[in-house]
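Novice: okay, structure incoming, though there's no sequence with it:
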């Protein structure tokens, strides 16, 4: 999904370990934009919330990573909202924050292997939308966001339990819509808006608490980008500030500037990315 400009239902895919251009996967169940949230297990990808113009939606779609094809209906979020954030592990998909248009602190969860409606998990430390996200098998992180000003806040939850988020630390710069990704040990926040578009990359060690440290820079200044990772590489795909089709990547375990990876088939922002090998899967 995303804004190309105008809504799109196109799903694209890449093999993260092999640089190159994206290929067609299939279509979402509806034309979706305004930052849906996404997460996945090793078998399924989930895309929840966003905007089916002109109204916000609570729908959750799912795809099966091992095949290509169109998404199917999974169920519904507890609250109709856009700018929602997705995170999770092998078992659970978690969706937090967003706007209805009022900013929300609600956190939902689903069991990825089944289908059905989301259940209440708890609340963020503040009502926020436009955050980035990352995870290990035990922790989910919500990075930055808008409350309504751009904030440095990092929240975390313990994914296998339910309960309210706890403050983790701060990004180096307050910003909304950073592209979040992770290995099982390290989370990165790439780009975003401060409110101007940024190329900053920060990182934190997920198992500890504390403030983010500078990692490097993206190849261009972008917010509203899609992201995904395979525990080795984190990809930033597209983004706003004049939509782009550029994909760049970093090696999560090291520090340094992003490198060109390839191109999306269309220039777009406000979409969502997920993978079958992210940090939440170990």
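Specialist: Alright, I've got the coordinates. Note that the structure is predicted; figures quoted are calculated from it, not measured. Numbering: from 1, shown residues only.
Novice: could you check how far residue 67 is from residue 280?
Specialist: Noted for residue 67: a distance of 22 Å to residue 280, by C-beta to C-beta, to the nearest Å. To be clear about C-beta, it is placed using only N, CA and C from the backbone, and glycine gets the same treatment.
Novice: for residue 212, give me its contacts.
Specialist: For residue 212, the contacting residues are 154, 169-172, 189, 202-204, by C-beta atoms under 8 Å, 6 or more residues apart in numbering.
Novice: who wins for neighbours among those?
Specialist: Highest neighbour count within the contacts of residue 212: residue 189, with 31 neighbours (other C-beta atoms under 10 Å).
Novice: per-residue pLDDT, that one?
Specialist: What the model reports for residue 189 is a pLDDT of 98.
Novice: residues contacting it?
Specialist: Residues near residue 189 by C-beta under 8 Å, 6+ apart: 132, 134, 143-144, 171, 175, 178-180, 201-203, 212.
Novice: can you give me the strands for the stretch 151-282 of the chain?
Specialist: Ranges of strands in the stretch 151-282 of the chain, per DSSP state E, counting those that start in this stretch, are 153-158, 166-170, 179-182, 186-193, 197-205, 213-217, 226-229, 233-239, 244-251, 259-263.
Novice: thinking again about what came up before, comparing residue 67 and residue 280, which residue is more hemmed in?
Specialist: Neighbours per residue (other C-beta under 10 Å) separate residue 67 from residue 280, with residue 280 holding more: 32 against 8.
Novice: leaving out sequence neighbours, find the closest residue to that one.
Specialist: Excluding the flanking residues, the one nearest residue 280 by C-beta to C-beta, 6 or more residues apart in numbering is residue 135, at 3.5 Å.
Novice: state the distance from the closest residue to residue 233 other than its chain neighbours to residue 209.
Specialist: Leaving aside its chain neighbours, residue 233 sits nearest to residue 249 (4.9 Å; criterion: C-beta to C-beta, 6+ apart). Using C-beta to C-beta, residue 249 is found at 27 Å from residue 209.
Novice: of these two, which one has the most company?
Specialist: residue 249 (26 against 13).
Novice: and the more buried one, bridged to which residues?
Specialist: Counting by DSSP bridges, residue 249 is bridged to residue 235, residue 259.
Novice: for the helix or strand where residue 8 lies, the averaged confidence score.
Specialist: Using DSSP states H and E, residue 8 falls within strand 7-13. Here strand 7-13 scores 96 as its mean pLDDT.
Novice: about what we covered before: from the contacts of residue 189, which is closest to residue 12?
Specialist: residue 179 (15.4 Å; C-beta to C-beta).
Novice: okay, the closest one: pLDDT?
Specialist: Residue 179 is assigned a predicted lDDT (pLDDT) of 98.
Novice: just confirm it contacts residue 226, I think it does.
Specialist: Yes. Using C-beta atoms under 8 Å, residue 179 is in contact with residue 226, at 6.9 Å.
Novice: end-to-end on stretch 268-276?
Specialist: 22 Å (C-alpha to C-alpha, to the nearest Å).
Novice: so for it, mean pLDDT?
Specialist: The average pLDDT for stretch 268-276 rounds to 96.
Novice: ditto for stretch 252-262
Specialist: Rounded mean pLDDT across stretch 252-262 is 98.
Novice: which parts of it are buried?
Specialist: 252, 258, 261-262 (16 or more other C-beta atoms under 10 Å).
Novice: of residue 179 and residue 226, who's got more company?
Specialist: Remark: of residue 179 and residue 226, residue 179 carries more neighbours, 28 against 24, as counted by other C-beta under 10 Å.
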